[in-house]
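Peer 1: Quick one, what's the 3D model for this:
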Amino acid sequence: MSASIVGWAHLPFGRFDNLDLEDLIVRAAGEALQNAELDGASVDGIWLGNLNGGFSPDIFASSLALGAHAGLRWKPATRLENACASGSAALYAACDAIESGRAHIALVIGAEKMTGVSGDEVTRILAQCGYSGEAGNPQGGFPGIFGQVTRAYFERYGNHSSTLAKIAAKNHANGVANPWAHMRRDLGFEFCNTVSEKNPYISEPLRKTDCSLVSDGAAALVLASQAAARSFARTVAFRSRVQVNDLLPLASRDVVAFEGPARAWQRALADAGCEVNDLHLAEVHDCFTIAELLSYEAMGLAPAGQGHRAIDSGMVMRDGPLPVNASGGLKAKGHPIGATGVSLHAVAAMQLCGEAGGFQVPDATLAGVFNMGGAAVANYVSILERTR
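Peer 2: I've put the predicted structure just below:
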């Protein structure tokens, strides 16, 4: 009994000094129920993706969602954390409940309040998603980790700084049309490709424009079982969904090979009975531009070391054969950690239902979604298809 997405909500991502974690959770949950034309009494369970780690004093946040509708009181609610894939962890747990028959309607929320602490504290909290045995090496938290990945890629395959700038420029241009994006500004290739006072190195060779934004935000989905989905006007089904975890220590694996994401993509496409070129769009986890470049290779769009061909050829552009991150990606849309996995799936569902507004990909019926936690440690790939 597979699960289908039958409703969603996506709040704007950005810095919101007047909103706390509870505000984000309650608003997203309420709007998703409205979108699905449901009340809380119809929901069998609530799953919340939220890293926290010190961003908010509300660590025990799952029951905050009950404030979205009186009918949600007494419903089971659970918070899940899996680093930057916390949202997908919550979504997959809800799918498991539906597929087991224990639930017919599920409410999934992803939320994070990140801007209530200093930039240094954000770096410290996110660094704890790495391996403690490697703490401080490389320095600089996750920018440092992905800076190391980028240097290793360049050493193996040559300097591709301009490719990373093309990815950043593409995603910022796409984000202009996304009303929920944190940064809706077309920065252009030259700015992204030039180190300057406004675009300094964060962890060489990664520049500021190669790094995703620190954001507040939330998104939510309503899922229904196959039987329950018949009563909804539009349904987006999981044609396949795969989670693949890799070893946590960087020293134990070849981080440039992106083996976990590659295995997840291979299994998800095989389970869905399709090939990557059958997809009409993909939303992938571009926490840093090098992650999107490596995703091209993990998806099978180009051989190892030749991911640049996917963007040089125009394939992944918004008007190309397989648009990647037409929403602007994490790069422009923002990366509120717990919200990201839910956001990626919500945006893909909007696209498949023709409801993505100014960033709509025409005639899209099949989409791929990739969300990861850590540096390719927890890897989630979904193949989504509109079925009604």
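Peer 1: Tell me, how many residues neighbour the closest residue to Ala70 other than its chain neighbours?
Peer 2: Nearest non-adjacent residue to Ala70, counting by CB to CB, 6 or more residues apart in numbering: Gly40, 6.5 Å away. Placement of C-beta: from N, CA and C, glycine included. Gly40 has 20 neighbours, counted by other CB atoms under 10 Å.
Peer 1: same thing with Leu72?
Peer 2: 23.
Peer 1: could you pull out the helices for the chain?
Peer 2: Under the criterion DSSP state H, the chain carries helices at the ranges 21-36, 86-100, 119-127, 141-157, 161-175, 189-192, 259-272, 289-299, 308-312, 329-333, 337-352.
Peer 1: got the angle between the last one and helix 119-127?
Peer 2: In terms of direction (axes from the mean of the first three to the mean of the last three CA atoms, to 10 degrees), helix 337-352 departs from helix 119-127 by 80 degrees.
Peer 1: Helix 337-352: how far from the chain's middle?
Peer 2: 6 Å (CA atoms, centre = their mean, to the nearest Å).
Peer 1: For that helix, output the C-alpha coordinates as CSV.
Peer 2: C-alpha atoms of helix 337-352 as CSV (Å, rounded to 0.1, in the frame of the first residue of the first chain):
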residue,chain,number,x,y,z
ILE,A,337,18.1,22.1,7.9
GLY,A,338,15.0,20.3,9.1
ALA,A,339,12.8,21.8,6.4
THR,A,340,15.0,20.9,3.4
GLY,A,341,13.9,17.4,2.7
VAL,A,342,10.2,18.2,3.0
SER,A,343,10.8,21.3,0.8
LEU,A,344,12.5,19.3,-1.9
HIS,A,345,9.5,16.9,-2.1
ALA,A,346,6.9,19.7,-1.8
VAL,A,347,8.5,21.6,-4.7
ALA,A,348,8.7,18.5,-6.9
ALA,A,349,5.0,17.7,-6.1
MET,A,350,4.0,21.3,-7.1
GLN,A,351,5.9,20.9,-10.4
LEU,A,352,4.2,17.6,-11.2
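Peer 1: Could you list every helix and strand in contact with the helix or strand of the chain with the lowest mean pLDDT?
Peer 2: Within the chain, no helix or strand scores below helix 119-127, which has a mean of 92 by mean pLDDT, DSSP states H and E. The helices and strands touching helix 119-127, judged by 3 or more CB pairs under 8 Å, 6 or more residues apart in numbering; DSSP states H and E, are helix 141-157.
Peer 1: list the helices and strands the helix it packs on packs on?
Peer 2: Taking 3+ CB pairs under 8 Å, 6+ apart as the contact cut, helix 141-157 packs with helix 119-127, strand 201-203, strand 206-207, helix 289-299.
Peer 1: Just the buried positions in it, please.
Peer 2: 141-151, 153-154, 157 (16 or more other CB atoms under 10 Å).
Peer 1: and the angle from that helix to helix 119-127?
Peer 2: Using the same axes, to 10 degrees: helix 141-157 against helix 119-127 is 60 degrees.
Peer 1: could you dump helix 141-157 to PDB, C-alpha only?
Peer 2: Presented in PDB, the C-alpha positions along helix 141-157 are these (Å, rounded to 0.1, in the frame of the first residue of the first chain):
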ATOM      1  CA  GLY A 141      32.700  23.000  10.000                       C
ATOM      2  CA  PHE A 142      30.800  21.900   6.900                       C
ATOM      3  CA  PRO A 143      32.200  24.700   4.600                       C
ATOM      4  CA  GLY A 144      35.600  23.200   5.600                       C
ATOM      5  CA  ILE A 145      34.500  19.700   4.900                       C
ATOM      6  CA  PHE A 146      33.100  20.600   1.500                       C
ATOM      7  CA  GLY A 147      36.100  22.700   0.800                       C
ATOM      8  CA  GLN A 148      38.200  19.600   1.300                       C
ATOM      9  CA  VAL A 149      35.900  17.700  -1.000                       C
ATOM     10  CA  THR A 150      36.300  20.400  -3.600                       C
ATOM     11  CA  ARG A 151      40.100  20.500  -3.400                       C
ATOM     12  CA  ALA A 152      40.200  16.700  -3.700                       C
ATOM     13  CA  TYR A 153      37.900  16.900  -6.800                       C
ATOM     14  CA  PHE A 154      40.100  19.500  -8.400                       C
ATOM     15  CA  GLU A 155      43.300  17.600  -7.700                       C
ATOM     16  CA  ARG A 156      41.800  14.500  -9.400                       C
ATOM     17  CA  TYR A 157      39.900  16.100 -12.300                       C
END
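Peer 1: For that helix, give me every contacting residue.
Peer 2: Here helix 141-157 makes contact (CB atoms under 8 Å, 6 or more residues apart in numbering) with 123-124, 126-127, 129-130, 138, 140, 160-161, 164, 202-206, 210-211, 250, 255-256, 287-288, 290-291, 293-294, 304-306, 375.
Peer 1: Are any of those buried, and if so which?
Peer 2: Neighbour counting with 16+ other CB under 10 Å marks 123, 126-127, 129-130, 138, 140, 160-161, 164, 202-203, 205-206, 210-211, 250, 255-256, 287-288, 290-291, 293-294, 375 as buried within the contacts of helix 141-157.
Peer 1: give me every residue that touches Asp363.
Peer 2: Neighbours of Asp363 in contact, by CB under 8 Å, 6+ apart: His280.
Peer 1: Phi and psi next, for it.
Peer 2: phi 60, psi 30 (degrees, to the nearest 10).
Peer 1: one step back: among the buried residues of helix 141-157, which two are most distant?
Peer 2: Using CB to CB, the pair of the buried residues of helix 141-157 lying farthest apart is Gly141 and Tyr157, separated by 24.9 Å.
Peer 1: CA atoms only for stretch 249-265, dumped as PDB, please.
Peer 2: Provided in PDB are the C-alpha atoms of stretch 249-265 (Å, rounded to 0.1, in the frame of the first residue of the first chain):
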ATOM      1  CA  PRO A 249      34.300   9.200   8.900                       C
ATOM      2  CA  LEU A 250      35.600  11.000   5.800                       C
ATOM      3  CA  ALA A 251      38.900   9.100   6.100                       C
ATOM      4  CA  SER A 252      37.000   5.800   5.600                       C
ATOM      5  CA  ARG A 253      35.700   6.600   2.100                       C
ATOM      6  CA  ASP A 254      36.400   8.300  -1.100                       C
ATOM      7  CA  VAL A 255      34.300  11.400  -0.700                       C
ATOM      8  CA  VAL A 256      34.800  12.500  -4.300                       C
ATOM      9  CA  ALA A 257      33.200   9.300  -5.500                       C
ATOM     10  CA  PHE A 258      29.800  10.200  -3.900                       C
ATOM     11  CA  GLU A 259      29.200   6.500  -3.600                       C
ATOM     12  CA  GLY A 260      26.200   6.700  -1.200                       C
ATOM     13  CA  PRO A 261      24.200   9.100  -3.500                       C
ATOM     14  CA  ALA A 262      25.200   7.100  -6.600                       C
ATOM     15  CA  ARG A 263      23.900   3.900  -5.000                       C
ATOM     16  CA  ALA A 264      20.700   5.600  -3.900                       C
ATOM     17  CA  TRP A 265      20.100   7.000  -7.400                       C
END
